[in-house]
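A.B. asks: test case, fold it:
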Amino acid sequence: MTTGGAAEKADVAAEAVFDGHRRHVSDGMGRLLRMIKAPVEISSAGCHITDAQGVRYLSCGGNGVFLLGHCHPRVVHAVTEQLRTRPLASHLLADPTMVAAASALAAVTPGGLDHLTFTNSGAEAVEMALKLAKVSGRHRIIAMDNGFHGKTLGALSVTGRDRYRDAVGALLPGVVHVPFGDIAAVTAALAQGEPAAVIVEPVQAEGGVRIPPDGYLAAVRAACDRHEGLLIVDEIQTGLGRVGSLWGCAATGVTPDVLLCGKILGGGVVPVGAVAATAQVHAPLDRDPFLHTSTFGGNPVAAVAVMSALSVLEDEDLVARSRVVGARLLPEIDAAMRAGCPDLVREVRGVGLLIGIEFSGQRAAMAMTRALLRHRVVVSHTLNASEVVRLTPPAILAESDIEWLLTAVRAAASELRG
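C.D. replies: From the prediction side, this is the model:
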């Protein structure tokens, strides 16, 4: 940790970053960063982030990306080697890395979802899924209140928060939102009019770590089957081990028609998303491969990141690790919040290493975020539920990291009460 003049220089550097945000990125974000006195991150490795003053933080944020931790050496090595040889593809010659990545991902998706399209992000994966729904004749889309699927135009249309949609105005037609967890509402919407597509998350992450009732996803699958509906399950944040199972839908015995993944898929090193579909749903792209194209989708660097990430997940048994560590953390965090500031906490809930602390309001949630930052723990703001503080730590947490997190939560909760 730096002191004296070095610390002053770091503060000056931070002001320059805040000012740069205000001038060239977002004035509102720049002001927010300055208000919370956000440290400037310089490097990251494993479970830790280091700021400009040399202070280390425990990484429990990142919107669910870092289940493997930061800069996992195997993923970094694979990406570095690919950068040296062929970082991008020509699109005229055959690309073996993309095919290998598709084969690797198809090997771990639920049965029948073995047709893959790689994208550059989760939001782009949602756009692709909506396109597949429409070319299959499902022009009605049923989405969930408080669901989050991204902020590009199509993804925003199915994202369940008015704050983001109303500012844009006219979006995709034919989209209806129903309450999450309400199977009667989904069934009624499916029964009205022409066949529709349903897009749903196994757990609403940005919605505030909302967990549906037991049997909900299976009931949605059954309703889709009865009404010729197309089921799209968005596992961009829940998939690949975050909720203690490889796929949240598979853990409930459900296989969708389209499965979306991202975030963890790039190993915490390269942005990448993917759409896995059944042969029937994917058939239009087999007939016309130019129906959907992407210059950078499935590029060689992303492809090797995918293969490395999947290999690490298996070799290090991180899905089981997520389940075990999450089962330990959840009751400990709940007890700490109940003891520290019971009047401010509504509920602590989670599955695997997706944990949410719901407060009485946004102000208390922001105070908790700032208090945890003072104790050198980085968490995530929850986009569709600002009263919820979300923790998405890596599955590679050491015992010392677990104690660090629990000690910080206890201290932060006590400070909120004081």
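
A.B. asks: from residue 222, how far out is the residue most central in space within the chain?
C.D. replies: Closest residue to the average C-alpha location of the chain: residue 237 at 2.9 Å, with C-alpha atoms, centre = their mean. Using C-beta to C-beta, to the nearest Å, residue 237 is found at 25 Å from residue 222. Quick note: C-beta positions are derived from backbone N, CA and C, even for glycine.

A.B. asks: over to residue 37?
C.D. replies: To residue 222, residue 37 is 51 Å away according to C-beta to C-beta.

A.B. asks: can you give the contact residues for the host helix or strand of residue 260?
C.D. replies: Under the criterion of DSSP states H and E, residue 260 resides in strand 258-261. The contact list for strand 258-261, computed with C-beta atoms under 8 Å, 6 or more residues apart in numbering, reads 105, 109-110, 113, 122, 125-126, 129, 132-133, 230-236, 239-240, 247, 249, 273-278, 281.

A.B. asks: out of those residues, which are buried?
C.D. replies: 105, 109-110, 113, 122, 125-126, 129, 132-133, 230-236, 239-240, 247, 249, 273-278, 281 (16 or more other C-beta atoms under 10 Å).

A.B. asks: per-residue confidence at the residue nearest to the centre of the chain?
C.D. replies: Turning to residue 237, the model gives it a pLDDT of 98.

A.B. asks: again, but for the one 5 residues further on
C.D. replies: In the predicted model, residue 242 carries a pLDDT score of 98.

A.B. asks: quick check: it touching residue 64?
C.D. replies: Yes: assessed by C-beta atoms under 8 Å, residue 242 is found in contact with residue 64 at 5.6 Å.

A.B. asks: ranges for the strands of the stretch 51-200 of the chain?
C.D. replies: Here the stretch 51-200 of the chain has its strands, by DSSP state E, counting those that start in this stretch, at 56-59, 115-119, 140-144, 175-178, 196-200.

A.B. asks: identify the residues contacting residue 97.
C.D. replies: Shown in contact with residue 97 (C-beta under 8 Å, 6+ apart): 82, 86, 89, 300, 303, 304.

A.B. asks: then residue 302?
C.D. replies: Taking C-beta under 8 Å, 6+ apart as the contact definition, residue 302 lies against 101, 118, 120, 266, 270, 271, 272, 296.

A.B. asks: can you do 7 Å?
C.D. replies: 118, 266, 270, 272 (C-beta atoms under 7 Å, 6 or more residues apart in numbering).

A.B. asks: give the buried residues for stretch 142-156.
C.D. replies: Going by neighbour count (16+ other C-beta under 10 Å), the buried part of stretch 142-156 is 142, 143, 144, 145, 146, 147, 148, 149, 150, 154, 155, 156.

A.B. asks: now do the contacts for the last one.
C.D. replies: When contacts are counted by C-beta under 7 Å, 6+ apart, residue 156 is found next to 150, 164, 165, 168, 171.

A.B. asks: so how far is residue 172 from the closest residue to the fourth one other than its chain neighbours?
C.D. replies: The reference is to residue 168. Nearest residue to residue 168, sequence neighbours excluded (C-beta to C-beta, 6 or more residues apart in numbering): residue 156, at 6.4 Å. In this structure, residue 156 and residue 172 are 9 Å apart, going by C-beta to C-beta.

A.B. asks: next one: residue 113
C.D. replies: Counting by C-beta to C-beta, the gap from residue 113 to residue 172 is 24 Å.

A.B. asks: also residue 15?
C.D. replies: 42 Å.

A.B. asks: please identify which of those two sits among more neighbours.
C.D. replies: residue 172 (15 against 12; other C-beta atoms under 10 Å).

A.B. asks: what sits against that one?
C.D. replies: When contacts are counted by C-beta under 7 Å, 6+ apart, residue 172 touches 154, 157.

A.B. asks: and the gap between it and residue 152?
C.D. replies: According to C-beta to C-beta, residue 172 stands 11 Å off from residue 152.

A.B. asks: what of residue 40?
C.D. replies: Separation of residue 40 from residue 152 (C-beta to C-beta): 29 Å.

A.B. asks: cool, residue 400 as well?
C.D. replies: Taking C-beta to C-beta, one finds residue 400 at 40 Å from residue 152.

A.B. asks: try residue 415
C.D. replies: Relative to residue 152, residue 415 is positioned 39 Å away (C-beta to C-beta).

A.B. asks: returning to that earlier point: which members of the contacts of residue 97 are classed as buried?
C.D. replies: 82, 89, 300, 303, 304.
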